[in-house]
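Q: Everything below, folded, please.
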Amino acid sequence: MSATTNLIFAGVGGQGVLLIAGMAARAAVQAGFDVKQTEVHGVSQRGGSVESHLRYGPEVEVREPASLRAEVAARLRAAAALYADGAG
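A: A predicted model of the protein is given here:
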C-alpha cells in the first residue's frame, strides 16, 4: 500500500466542492502531511463541473491528476459522476 493517499472531490458549481477539498487539505497539513492539490473549474458558477484532486502523505510527488487512482472519490451530485468518470 502506498504511503500517499489520493482523494477526488467532484460536483457542480455552488455545491462547495472547492471548500470541502480545501478543508481536507488544511486538515492534512495540520496533521503533518505533505499536501498537493489541483482544481478544475470552468463555468462553475453556471452549474458546470468542478473537480479537486488532493494527494497527501509523508512526501508527495506531483503527478497529472488523470494518471492517478483515488482511494476516495466524493461525488456531491449524482450527475457529477459523469464528469468525474470522463463520460460527461
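Q: going forward, measure contacts between C-alpha atoms and count neighbours the same way
A: Noted.
Q: Tally up the residues packed near residue 25, please.
A: Residue 25: 20 surrounding residues under other CA atoms under 10 Å.
Q: Is it in contact with residue 37, as I believe?
A: Yes. Taking CA atoms under 8 Å as the definition, residue 25 is a contact partner of residue 37 at 7.4 Å.
Q: and for the two, which residues touch both?
A: Common neighbours of residue 25 and residue 37, using CA atoms under 8 Å, 6 or more residues apart in numbering, are residue 54.
Q: tell me, which helix in this protein spans the most residues?
A: With secondary structure taken from DSSP state H, the chain has its longest helix at helix 17-30.
Q: Please point out which parts of the helix or strand following it sit buried.
A: Using DSSP states H and E, the helix or strand that directly follows helix 17-30 along the chain is strand 34-41. Residues 34-37, 39 are the ones in strand 34-41 that count as buried (16 or more other CA atoms under 10 Å).
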